[in-house]
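Peer 1: Need the 3D shape of this:
(one chain, ligands or ions: 1)
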Amino acid sequence: MKYWITILLTAVAMNASAQLTDTVEWEKLVQFESERKGPHLSAPKNLNTLHYDVKYHRMEWEVSPLVRYIGGAVTTYFVPQTTGFNQIYFDLHTAMAVSAVQYHGTSCTFSQLPSSELLVTLPATLPVGVLDSLTISYGGVPPTTGFGSYATQNVCSNTVPAMWTLSEPYGARDWWPCKQDLNDKADSIDIYITTPSAYKGVANGVLMSQTVSGANTIYHWRHRHPIPAYLVAIAVSDYSVHSATLSLSGGSIPMVNYLYPCSGTSGTTINNNLQPIMQLFINLFGNYPFTNEKYGHAQFGWGGGMEHTTVSFMGGFSHLLLAHELAHQWFGDKITCGSWADIWLNEGFATYLEGMTYENGLGGGASVWASWKQSKINNVTSLASGSVWVDDTTSVSRIFSSRLSYDKGALLLHMLRWKLGDTNFFQGVRNYLNDLALAYGYAKTPQLKAHLEAVSGQNLDEFFADWYYGQGYPTYTVQWSQNGSQMLTVQLFQTPSHASVSFFNIPVPVRFNGASKNRTLVFDPTTNGQTFTEQLDFTVTSVEFDPDRWLCAKSSIVLPVELTELSASWDGKAVQVKWATATETDNRGFEIQRMSEYGAPANNWETIGWKDGQGTSQTPAYYQWPDERPMPGMNYYRLRQLDFDGSEEFSMVVSVEARLPTRQVPGAGRGLKLFPNPTRQEVWVEWPAAVENAELELYDVHGRLMLRQRWQEPLQRRQLLLGELPGGVYAVVLRAGGQVWMERLVRR
Ligand SMILES: [Zn+2]
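Peer 2: Numbering: from 1, shown residues only. Take a look at the predicted model:
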């Protein structure tokens with residue numbers, strides 16, 4: 001079933017005003033509802049009708065679109081399932097007055113109970129397992145429940161009389177004696193509609209005959225597939241009938257369209273639009289389930305559509321509605337949800353198959369597919385709570401919640417497909433549709449789950465706990481950074497919107513875009529805040545969460561400290577390291593680190609300074625650090641950014657050549673003299689002129705400072721004791737009077 005969103009909005013608005021005008025009553029209702037709801041509460045079930053198995057109904061009805069009245073007889077074939085079977089119950093509204101119940105020509109006593117049940121006392125106790133039958137004659141003015149279970153209304157601007165039925169979910173008993181719970185399909189039915197000859201009657205299955213009888217015509221429809229009570233339907237109006245054959249690869253299907261005089265759409269147009277959708281669904285999910293009968297549409301005056309088996313009742317013929325109701329012939333009609341709590345097995349699939357038509361290039365194609373997915377995500381995440389599983393099957397509006405049963409149900413399937421992959425998903429669904437225990441019968445959620453688990457080898461307990469029974473959705477935060485060697489670090493956080501789920505399990509795709517290439521990485525976190533690293537071969541310029549919209553989730557992307565600038569420049573006296581941030585999150589500050597060419601090849605960085613950060617800030621900030629003691633030659637700088645929570649990340653690396661005034665080429669031996677060199681225990685250091693405040697540093701090959709000495713007195717020569725220094729190559733740097741000398745020293 002699908003109803004227009006405007007109707008839903010009206011209902012929501014009405015609820016809201018009722019809530020405002022009568023808060024006390026509303027609160028009482030909420031309390032009552034919440035007390036009644038238990039965990040995994042199943043649909044209300046009529047235990048009295050469980051004692052027999054319905055095999056067949058012959059329904060003979062006299063109706064007119066001009067008069068709100070139904071009269072007739074329903075003959076039911078049934079098989080008793082329990083011993084002592086001397087009475088039989090049917091669901092039938094008290095507005096329907098039973099005139100007689102005949103059992104093999106004998107009138108039975110019966111009573112109509114206030115619980116909308118008909119209790120028939122049989123003349124004898126019937127044996128278990130033996131097919132038997134009785135006929136109920138009745139008539140009355142049907143009530144209207146649910147979405148208008150029995151309607152008589154003028155259509156086409158009030159010029160054409162019409163009647164139709166729409167029993168889902170609890171309205172079959174409003175107009176015929178049935179067994180309307182979702183546990184027993186009638187194996188087959190015959191429907192005889194007697195109506196004034198000015199009108200035509202349409203129902204499930206194949207039209208066997210139309211017979212004029214006085215002023216009336218009797219339309220005999222026959223359906224030879226199992227059918228639940230809510231899908232039995234009739235409609236009568238001044239229809240024009242368009243019959244055709246739908247050609248499909250591998251066969252054809254008879255098509256019949258019953259259209260109002262004002263339909264504005266021809267049967268040919270409808271069939272032309274339907275044909276590629278039908279072909280797609282056949283390709284994906286197997287043959288149309290009722291090929292040997294027909295598919296068709298009957299126009300009705302309700303704002304939406306209803307997937308009555310082999311004849312969808314349609315308020316219009318949009319691409320979306322055609323696709324939705326046709327999809328139900330597989331999902332809803334061939335396999336029917338086994339309880340109203342499992343309605344997503346009908347509506348989630350029908351909604352998802354709407355989307356699949358776009359995905360496969362129909363009805364607007366790829367761009368609609370993208371926006372369709374986004375609109376479903378937006379709708380589901382517009383509220384923090386709610387599960388696909390229907391937690392209150394007494395509420396018709398909850399059963400048919402477009403946000404939960406339709407859209408979240410569709411996204412649940414989409415996420416299963418993402419998790420399992422196309423091959424497993426589609427094969428699992430086909431296995432479900434072809435399961436002899438389910439096909440043309442009922443299914444509940446665990447049975448679909450079992451098929452998907454069997455085909456994929458994956459255990460889906462956690463998935464269904466999160467996404468089917470659990471409420472809400474996750475909001476992901478992607479925190480990322482990339483270092484100078486393009487190593488990517490990603491930390492994934494999620495915040496569930498509802499307390500019923502502590503952590504949503506689903507693989508998370510994130511696309512990292514560079515200037516000329518991109519890469520989508522799929523993370524499968526098992527804990528909140530899990531960190532992932534990946535070596536990329538490009539610099540990331542932007543990040544996109546779930547670019548193909550697989551997840552029912554919200555997201556935000558955070559580069560914890562966004563550096564917009566980092567540079568190092570030599571001003572003749574110092575290297576000026578400058579950087580700027582656009583935003584900062586939890587930023588304690590920056591360590592300034594340096595490595596000289598003498599540090600190569602080992603990656604040894606020396607921390608030379610510290611700058612406090614802004615904490616968390618959306619305001620651009622500018623920083624500068626002067627390195628007044630650079631090494632002669634190339635100097636490399638980077639920032640080690642530290643969060644208050646202890647996490648760290650590194651900036652890219654920038655380099656600058658410090659052109660010191662008297663820079664000595666290593667080994668040239670001019671200016672600074674070392675002797676003996678190589679040496680064992682000590683070395684004499686001599687520089688060109690006696691200067692005050694000379695400072696000497698000794699670096700190892702990794703760029704580590706091993707020794708530092710200062711002399712205030714004016715000297716020109718000094719002996720260094722090398723002490724515990726290991727053997728190897730060292731750089732000796734002497735700074736004095738604004739000049740720097742350097743020489744290489746070898747210790748044996
Ligand atoms: Zn539907």
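Peer 1: Number of residues surrounding Gly72?
Peer 2: The number of residues packed near Gly72 is 18, by other Cβ atoms under 10 Å. Just so you know, the C-beta spots here come from the backbone N, C-alpha and C atoms, and that holds for glycine as well.
Peer 1: Where does pLDDT dip in the chain?
Peer 2: Scanning the chain with the threshold set as pLDDT under 70 gives 4-44, 559-561, 597-604, 618, 660-670, 701-703, 738.
Peer 1: and it, which residues reach the ion?
Peer 2: Met1, Lys2, Glu347, Ala350 (Cβ under 5 Å from the ion).
Peer 1: and the first one, what does it touch?
Peer 2: When the contact criterion is Cβ atoms under 8 Å, 6 or more residues apart in numbering, the partners of Met1 are Phe147, Leu166, Glu168, Gly304, Gly305, Met306, Glu307, His328, Asn346, Glu347, Phe400.
Peer 1: Kindly report the same for the last one.
Peer 2: For Ala350, the set of contacting residues under the criterion of Cβ under 8 Å, 6+ apart consists of Lys2, Glu307, His324, Glu325, Ala327, His328, Phe331, Gly332, Tyr406.
Peer 1: Confirm for me that the first one is in contact with Leu321.
Peer 2: Yes. The pair Lys2 / Leu321 is scored as a contact, 6.1 Å apart, by Cβ atoms under 8 Å.
Peer 1: between these two, what contacts are shared?
Peer 2: Contacts common to Lys2 and Leu321, judged by Cβ under 8 Å, 6+ apart, are Gly304, Gly305.
Peer 1: Who has more neighbours out of these two?
Peer 2: More neighbours surround Lys2 than the other of Lys2 and Leu321, with 27 against 19 (other Cβ under 10 Å).
Peer 1: circling back to that earlier point, just the contacts of Met1: which are in helices?
Peer 2: His328, Asn346, Glu347 (DSSP state H).
Peer 1: Save the residues you listed as JSON lines, and put in neighbour count too.
Peer 2: Shown next, in JSON lines, are the ones in helices among the contacts of Met1 (neighbours: other Cβ atoms under 10 Å):
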{"residue": "His328", "neighbour count": "26"}
{"residue": "Asn346", "neighbour count": "26"}
{"residue": "Glu347", "neighbour count": "29"}
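Peer 1: ok, so of those residues, who is nearest Ser115?
Peer 2: Distance to Ser115, by Cβ to Cβ, is smallest for Asn346 among the ones in helices among the contacts of Met1, at 26.6 Å.
Peer 1: Surely the closest one touches Thr336?
Peer 2: Yes. Asn346 is within contact range of Thr336, at 7.1 Å (criterion: Cβ under 8 Å).
Peer 1: Which residue does the stretch 51-200 of the chain have closest to the ion?
Peer 2: With Cβ to the ion, the shortest gap between the stretch 51-200 of the chain and the ion falls at Glu168, namely 9.0 Å.
Peer 1: Over to the stretch 401-550 of the chain?
Peer 2: Residue of the stretch 401-550 of the chain nearest the ion, by Cβ to the ion: Tyr406 (7.2 Å).
Peer 1: What segments of the stretch 201-350 of the chain are helices?
Peer 2: With DSSP state H, counting those that start in this stretch as the criterion, the stretch 201-350 of the chain has helices at 267-285, 319-330, 344-359.
Peer 1: Same check on the chain?
Peer 2: 5-21, 23-36, 267-285, 319-330, 344-359, 366-380, 396-399, 409-420, 422-434, 445-456, 461-464.
Peer 1: quick one: the residue in the stretch 301-450 of the chain positioned nearest to the ion and Lys2, what's the gap?
Peer 2: Distances between the stretch 301-450 of the chain and the ion by Cβ to the ion are smallest at Ala350, namely 4.3 Å. According to Cβ to Cβ, to the nearest Å, Ala350 and Lys2 sit 7 Å apart.
Peer 1: Can you check which residues contact both of those two?
Peer 2: His324, Glu325, Tyr406.
Peer 1: From those residues, list the buried ones, please.
Peer 2: Buried subset of these (neighbour count, 16 or more other Cβ atoms under 10 Å): His324, Glu325, Tyr406.
Peer 1: In this structure the first one contacts Phe349, no?
Peer 2: No. In this structure His324 lies outside contact range of Phe349 using Cβ under 8 Å: 9.9 Å.
Peer 1: Keeping just the C-alphas, turn the strand ranked longest in the chain into CSV.
Peer 2: Using DSSP state E, we find that the single longest strand of the chain is strand 575-596. Coordinates of each C-alpha in strand 575-596 appear next as CSV, following Å, rounded to 0.1, in the frame of the first residue of the first chain:
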residue,chain,number,x,y,z
VAL,A,575,64.5,30.8,10.3
GLN,A,576,61.0,32.1,10.7
VAL,A,577,58.5,29.2,10.9
LYS,A,578,55.0,30.5,10.3
TRP,A,579,51.7,28.7,10.2
ALA,A,580,48.0,29.4,10.4
THR,A,581,44.9,27.4,11.4
ALA,A,582,41.3,27.8,10.1
THR,A,583,39.7,25.8,12.9
GLU,A,584,41.0,24.1,16.0
THR,A,585,39.5,21.3,18.1
ASP,A,586,40.8,20.5,21.5
ASN,A,587,44.2,21.9,20.5
ARG,A,588,46.7,22.1,23.4
GLY,A,589,49.4,23.4,21.2
PHE,A,590,52.3,22.8,18.8
GLU,A,591,55.7,21.5,19.2
ILE,A,592,58.1,22.9,16.6
GLN,A,593,60.4,20.2,15.4
ARG,A,594,63.6,20.5,13.3
MET,A,595,65.8,18.1,11.4
SER,A,596,68.9,19.1,9.5
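Peer 1: Show residues contacting stretch 565-583.
Peer 2: 559, 561-564, 587, 590, 592, 614, 617-618, 620-628, 630, 635, 637, 639, 651-652, 654-659, 738.
Peer 1: which residues touch Tyr89?
Peer 2: Asn46, Asn48, Thr49, His51, Glu117, Leu118, Leu119, Val120 are the contacts of Tyr89 under Cβ under 8 Å, 6+ apart.
Peer 1: Mind doing that once more with 6 Å?
Peer 2: Applying Cβ atoms under 6 Å, 6 or more residues apart in numbering to Tyr89 gives the contacts Asn48, Thr49, Glu117, Leu119.
Peer 1: Would you mind listing the two of the residues you listed that lie farthest apart?
Peer 2: Among these, Thr49 and Leu119 lie farthest apart (Cβ to Cβ), at 10.7 Å.
Peer 1: what's the spacing between the residue nearest to Val368 when sequence neighbours are not counted and Ser167?
Peer 2: Closest residue to Val368 apart from its sequence neighbours, by Cβ to Cβ, 6 or more residues apart in numbering: Tyr358 at 4.4 Å. Plainly put, Tyr358 is 31 Å away from Ser167 if you go by Cβ to Cβ.
Peer 1: Looking at those two, which is more packed in?
Peer 2: Comparing Tyr358 with Ser167 by other Cβ under 10 Å, the one with more neighbours is Ser167, at 27 against 22.
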